[in-house]
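Novice: next come a sequence and a model predicted from it.
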Amino acid sequence: MKKRPDKRILTRILAVVVCVGVIGGLTAFLATRGSLLTEPSAAESDADAAAASPESEEEPELIEPVGSVIRHVPAEFRELSRVTTCQGIVCPDTTEYTYESTRLFGNYGALPGDPVHPGDMLFCGAEDSVEDKIEAIEEENAELLTDFTNYAADAAVDISKAKKTEFEAAQAYQDLCASAPEEDSPWYAGWARGAMPVEKAAKQAKGAREKLEQALKERQEQFDLTYAYNEKRIERLREEDIAAGVTTPTEGVVVASADHLPGDRITEGSTILAVGQPEELEILCEYVSKSVVNKAEDLYCLIEGKRYEVQYEVMEPEEYRRRKQKDGEVYTTFHLIDPAGEVSLGQYAVIVIVEERIPNALCVPREAVSRDDRGSYVYLHDDGESIYTPVQTGSYDAAFVEILSGLQEGDPVICDIPYTAGSKTLTVSRGEISDPYTTDGFLYYPSAKWLTNPAKTGTCYLKELLVSRYEQVEEGQTLARIEIISDDIEIARLGRKIQRQQERLSDLSKKRAETYQKDELEAIDRSVRDRNRTIESLTKQLDKLTRYSGIVEITAPESGIVTDLTERKSGELIDYRERIVRLSPDDSGFLVVEDKGSRLSYGQKAAVTVRVNNMKEQTIEGTIVTVSPWALSRELRTGFSLIRIPQEELAAIAEVTGSTVGDNGYWTRSRFRVEVMTGHMGDVLLVPKNAVYTAGTGNTYVMVRDPDGLVHLRHFVAGGSDLTNYWVAYGDLTEGLEICSE
């Protein structure tokens, strides 16, 4: 059907120009060229909005194209596709470990980068807290033992007296009974009346003795139960101290750890450390929903330009909500299928999701399609006239819409083309691309142990500190001296107590030699056992008082580096177990760097540059030994990554680079320059940026001129870019292809 414009419109048409049609596959970006990105005009925005939903219910006013130039493009067949890419990184399958109950943190048994085997200790609880509890229970038992021993000694005296009274009363009654008259004697009644008080006294004496013995028996049973219970508590505490360390059930490597110091209180369920399985490779990327994957026509990943198959790890809505609430950001896991073992940890990967692909669709630019109350339509150009033509639309991308009916290949469709082809050409080439990440690094020692004042008794003073922060020390080296003034009065008091107990033991030994009654022998044996317990307990207390006196040296239990010191000055009082020197083992040092944008992950190589003593710069190769935060829960997402470099070089650097402690006691101000090659993709097609049009998000195009001089848009999906080029993740571009450029 033809509609001719009225005379008013015709007078405004000055010329009809047959324009070169530019056709391609544009998805979501604004039509713009190369690096000269511009904001869309209002008209372009309206056109994009209208074309985004060809079957929209909006009914714009029917108008015919006007202007000084009528431009048109031919309808042509092309691949119409919607492709999404997600940037990811190759990580190991990771398991996180935590305490099962709230307790004090002790130390790490393994650090990031360390291999672990089944049964290896990952981290343990603080030993001091257990020892304090055990000491408290031992002191409680000592008090129980002293109290009971004293009670039993007094009870033994009372029972002995009661037995004597009972014997005398029983003897008096027996003597009275021996002189008793016959029952039928007239004197029997009088005798019986006189014998009653004597019999009663004998019974009362016996009852008093039995009551005392029963009280001693009950007290003995109560003491035995309480003492045995406390000993069981001590046994359990020692078992818990051993069990407080969390072990790994599998082979693996430590890939992350929280920043805890010895003595920190760790609440139940807090994540402390993560172990990865290097043989189980995964790709972690931004969240991709199950519905998108289920509808996708194709799904794979690109690593170093090569395609690898992946399996999507399904996350149910409940699990997504739980992780979202717990961790904030939720990431998707794809299991990598790499039978040849070509992929390494830390490699950059791009997930390609082909949501829809129509290989041979008749298409026109989306800007050419309008809609009225009768449906979608275009204007065809016919010998200087515009012909209103209804069409039925199908799928679409950011630039083109599929025509299911109403047009044929080559039909000239009127469209105000927003892009023009330049007169120059550039070439698609094959190569590699990367995004170097450069930052500052600092020395860091996550594993450390505080050496404390060991004297629980006496008055303690800090005599002198013999080391400084970040000083290298050797095993056995004296780090500090403490002066301890013993409590002589308490020492003498305990000595007298021990002497009295030994004297009572001697008395019991003599008494036992003179006694043959079974009950008395058992009582003596119990008393001997209790006295020996008391002597043992008092001796332990005395040993603690006399163990430390005078000048006591704190020495290094192993070679390492001093990472922190007490703020006490010489001559100041210090408490029992007060922290004096913190020592980190030689092999526990790392460089720590800030990981902006979560670009660093386990396995990546790092070039570390340091200037030693203002001399020539020295470059050392290191390895990232902490996994990407995408693979971790929120508690282990510290925002920093650790780099391990050869320990002998680290030790040398630590010794010669002057440094001071930071706020958290771990950091030094010795700065290292660190460069990591992130986002590396090799053997891919590279497209110069200044020959690329982009539109929306993730849609890129080049213009290709055919032998007849016509220019066509070709769609490709960029996997990433650097300052000069895009690299092709999806599309029909080929190496050596010439593309238009201004």
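Specialist: Alright, I've got the coordinates.
Novice: so who does the closest residue to P585 other than its chain neighbours touch?
Specialist: Once flanking residues are discounted, P585 sits nearest to G560: 4.8 Å by CB to CB, 6 or more residues apart in numbering. (Glycine included, C-beta is placed from N, CA and C.) When contacts are counted by CB atoms under 8 Å, 6 or more residues apart in numbering, G560 touches 472-473, 583-586, 588.
Novice: tell me the one of these nearest D158?
Specialist: Relative to D158, the closest of the contacts of G560 is L583; by CB to CB it sits at 58.5 Å.
Novice: how does the protein divide up, domain by domain?
Specialist: Recorded structural domains for the chain (assignment: automatic domain parsing) are 7-73+364-422+686-723+735-739, 129-243, 449-486+549-583, 488-544.
Novice: among those, which is nearest L299?
Specialist: Counting by CB to CB, L299 lies closest to domain 7-73+364-422+686-723+735-739 out of the domains of the chain; the figure is 13.8 Å.
Novice: need the mean per-residue confidence for the closest one.
Specialist: What domain 7-73+364-422+686-723+735-739 shows for mean pLDDT is 68.
Novice: next: stretch 441-451.
Specialist: 84.
Novice: next, the distance between the ends of it.
Specialist: For stretch 441-451, the first-to-last residue distance is 28 Å (CA to CA, to the nearest Å).
Novice: any idea how far T84 is from E355?
Specialist: 6 Å (CB to CB, to the nearest Å).
Novice: do M315 as well
Specialist: For M315, the distance to T84 - CB to CB - is 17 Å.
Novice: returning to what we had before: can you work out which residues contact both of E355 and T84?
Specialist: Here E355 and T84 have V292 as joint contacts, going by CB under 8 Å, 6+ apart.
Novice: which one's more surrounded, these two?
Specialist: A side-by-side neighbour count of E355 and T84, using other CB atoms under 10 Å, places T84 first with 18 against 15.
Novice: wait, K306 sits on M681?
Specialist: No: using CB atoms under 8 Å, K306 is not in contact with M681; the gap is 10.0 Å.
Novice: which one of the two has more residues nearby?
Specialist: Remark: of K306 and M681, M681 carries more neighbours, 24 against 13, as counted by other CB under 10 Å.
Novice: on the three-state scheme, that one is what?
Specialist: Three-state call for M681 (DSSP: H, G, I helix; E, B strand; the rest coil): strand.
Novice: helices of the stretch 51-200 of the chain, residue ranges please.
Specialist: Under the criterion DSSP state H, counting those that start in this stretch, the stretch 51-200 of the chain contains helices at 127-178, 188-243.
Novice: lowest average confidence across those, which one?
Specialist: Across the helices of the stretch 51-200 of the chain, helix 127-178 gives the lowest mean pLDDT, at a mean of 82.
Novice: which strands and helices lie in contact with that one?
Specialist: Using 3 or more CB pairs under 8 Å, 6 or more residues apart in numbering; DSSP states H and E, the elements in contact with helix 127-178 are strand 103-108, helix 188-243, helix 518-547.
Novice: any idea of the angle that helix forms with helix 518-547?
Specialist: 150 degrees (axes from the mean of the first three to the mean of the last three CA atoms, to 10 degrees).
Novice: got the angle between helix 127-178 and strand 103-108?
Specialist: Counting by the same axes, to 10 degrees, helix 127-178 lies at 130 degrees to strand 103-108.
Novice: list the contacts for the spatially most central residue of the chain?
Specialist: The chain has L636 as the residue nearest its centroid, 2.3 Å off, counting by CA atoms, centre = their mean. Listed by CB under 8 Å, 6+ apart, the contact set of L636 reads 96, 256-258, 271, 274, 629.
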